[in-house]
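Visitor: here is a sequence with its predicted model. Questions after.
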Amino acid sequence: MKSQHSSESEAKKAEDSALAKLTGETQASVATPPKRATGPFDWWLFTIMMTLLAIGLVMVLSASSIVAEHTFHDKYHFFKRQLFYALIGIICLWGAALAPRKLIYGLHYWALLITFVLLGLTLTPLAPTINGARRWISLGFASIQPMEFVKVALVLYLAYFMSAKQDLVRTFWRGVFPPCLVTGLYCAILLSQPDFGSAIVLAGILFFMCIAGGIRWSYIAWSLVLGVASMALLAISAPYRMERLKAFLDPFKDPSGAGYQLIQSFYALASGGVFGVGVGASQQKMFYLPEAHNDFIMSVIGEEMGLCGITIIMLLFACLFWRCFRIVLRQKDMRARLSAFGLTAIIAIGALINLAVVMGMLPPKGVAMPLLSYGGSNLIATMICIGLILHFSRTEDVCRTSS
């Protein structure tokens, strides 16, 4: 009897040992992130990003020169500022790419605290009112829009929470409610500015992170229904939002009012045709199209570079997202995978919403086109996202050689 028990015990140990050899190292790599990243950067991702940035700088100069000459008597005013923001962004990009993983993973609560404070400051006298909204904090020589950095902070927190609480994410009160509460607090401040479009962006980031993080589909479905109902209620409760919605459904009913910007965007895209009128030759940027160098820069690109130019830019973005998702799929540490996924989602959501607005597929939201639109906060935040994704790209070889 003893020999039988001992033989069964030895057989069980041998089976466990074989299983450990097959799965042990993989499980360790998932649970424990690599101490250092020594693999090569994804230089294709960096090259595509720099190409889009260069196109953006040229188009900011083209789209803003008339307005800059009229307002500041310097047609290079916005271009020089955008170039300065790009240089700061490159520094931030490489800072994020070269930072130790431990430092990045330790930032999630600090990032939440700092961005909450900055976002709260927009409701104080420190924030100027521009076009009826208080979204910026004036520094004297420049202004920052905290919302752009809120997106990065939220992704870092959600990636931490959903990777560290995997045993809880399928429960509501301890796994779903905390990230929804954090996102809801951000959205409440944004709606007070008011900034309805940015609140939708944050809700979108939470939605996709919940899917990637393993939240139950029933919770996601109910949250989606609740979110849509809330957006409808907010749209109905604010007259200016209803005007935007009506203008989106039929902009030609109010061509000189709520539908004006969208109509001018249509004129710009139609004027460009297939090959465009030539870089610098846009007519709509001459005080016809508001925010030509900001939210509606794709309209100017469509007019000056035509369908071919927009297609090239969309192909560049497609290649950018392909490289990003390639990095996401190659991460064996769950927190790294979720972080890279969320950072990619920030850029993708911004690009898709901006293009949809310009083409009249969504109501105007005030969302910039990443790497192309004028704006220091958006550009720097986007390049921080790219820098962090480049940081995670170095983990690929570490994971492969360690497994």
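Guide: Structure's in. What do you need?

Visitor: now do stretch 310-325: distance to the chain's middle.
Guide: Here the centre of mass of C-alpha atoms in stretch 310-325, compared against the chain's by CA atoms, centre = their mean, to the nearest Å, lies 15 Å away.

Visitor: buried ones in it?
Guide: The neighbour-count criterion (16 or more other CB atoms under 10 Å) identifies 310, 313, 316-317, 319-321, 323-324 as the buried residues of stretch 310-325. Yep, even glycine has a C-beta here, placed from its N, CA and C like the rest.

Visitor: could you export these as JSON lines, including distance to Lys332 and secondary structure?
Guide: As requested, the buried residues of stretch 310-325 are arranged in JSON lines below (distance: CB to CB, whole Å; DSSP: H, G, I helix; E, B strand; the rest coil):
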{"residue": "Ile310", "distance to Lys332": "37", "secondary structure": "helix"}
{"residue": "Ile313", "distance to Lys332": "33", "secondary structure": "helix"}
{"residue": "Leu316", "distance to Lys332": "29", "secondary structure": "helix"}
{"residue": "Phe317", "distance to Lys332": "27", "secondary structure": "helix"}
{"residue": "Cys319", "distance to Lys332": "24", "secondary structure": "helix"}
{"residue": "Leu320", "distance to Lys332": "23", "secondary structure": "helix"}
{"residue": "Phe321", "distance to Lys332": "21", "secondary structure": "helix"}
{"residue": "Arg323", "distance to Lys332": "18", "secondary structure": "helix"}
{"residue": "Cys324", "distance to Lys332": "17", "secondary structure": "helix"}
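
Visitor: including pLDDT and distance to Met147, could those residues go into a markdown table?
Guide: Rendered in a markdown table, the data for these read as follows (pLDDT from 0 to 100; distance: CB to CB, whole Å):
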| residue | pLDDT | distance to Met147 |
| --- | --- | --- |
| Ile310 | 95 | 26 |
| Ile313 | 96 | 24 |
| Leu316 | 97 | 25 |
| Phe317 | 97 | 21 |
| Cys319 | 97 | 27 |
| Leu320 | 97 | 22 |
| Phe321 | 96 | 22 |
| Arg323 | 96 | 26 |
| Cys324 | 96 | 22 |
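
Visitor: Leu185: which of those residues is nearest?
Guide: Cys324 (28.1 Å; CB to CB).

Visitor: what distance do you get for that closest one to Leu388?
Guide: Note on Cys324: its distance to Leu388, by CB to CB, to the nearest Å, is 11 Å.

Visitor: now swap in Tyr109 and tell me
Guide: Taking CB to CB, one finds Tyr109 at 17 Å from Leu388.

Visitor: tell me the buried residues in the helix or strand encompassing Ala270?
Guide: Mapping Ala270 onto the secondary structure by DSSP states H and E places it in helix 260-272. Taking 16+ other CB under 10 Å as the neighbour-count basis, helix 260-272 is seen to contain the buried residues 260-269, 271-272.

Visitor: before we move on, what about stretch 302-309?
Guide: Taking 16+ other CB under 10 Å as the criterion, stretch 302-309 shows 302-306, 309 as buried.

Visitor: hmm, which two among these are most spread apart?
Guide: Farthest-apart pair in these is Glu303 and Gly309; separation 9.3 Å (CB to CB).

Visitor: between those two, what contacts are shared?
Guide: When contacts are counted by CB atoms under 8 Å, 6 or more residues apart in numbering, Glu303 and Gly309 have 272, 276 as shared neighbours.

Visitor: thought Ile88 was touching Ser377?
Guide: No - under the contact definition of CB atoms under 8 Å, Ile88 does not touch Ser377, with a separation of 10.6 Å.

Visitor: more neighbours, these two?
Guide: It is Ser377, of Ile88 and Ser377, that has more neighbours when counted by other CB atoms under 10 Å, with 20 against 13.

Visitor: ok, then the element right after the lowest-mean-pLDDT helix or strand in the chain?
Guide: Of all helical and strand segments in the chain, the minimum by mean pLDDT, DSSP states H and E falls on helix 2-31, at a mean of 43. Towards the C-terminus, the helix or strand next in line after helix 2-31, according to DSSP H and E, is helix 43-72.

Visitor: how far does that following helix sit from the chain's center?
Guide: The gap between the average C-alpha position of helix 43-72 and the chain average comes to 19 Å, counting by CA atoms, centre = their mean.
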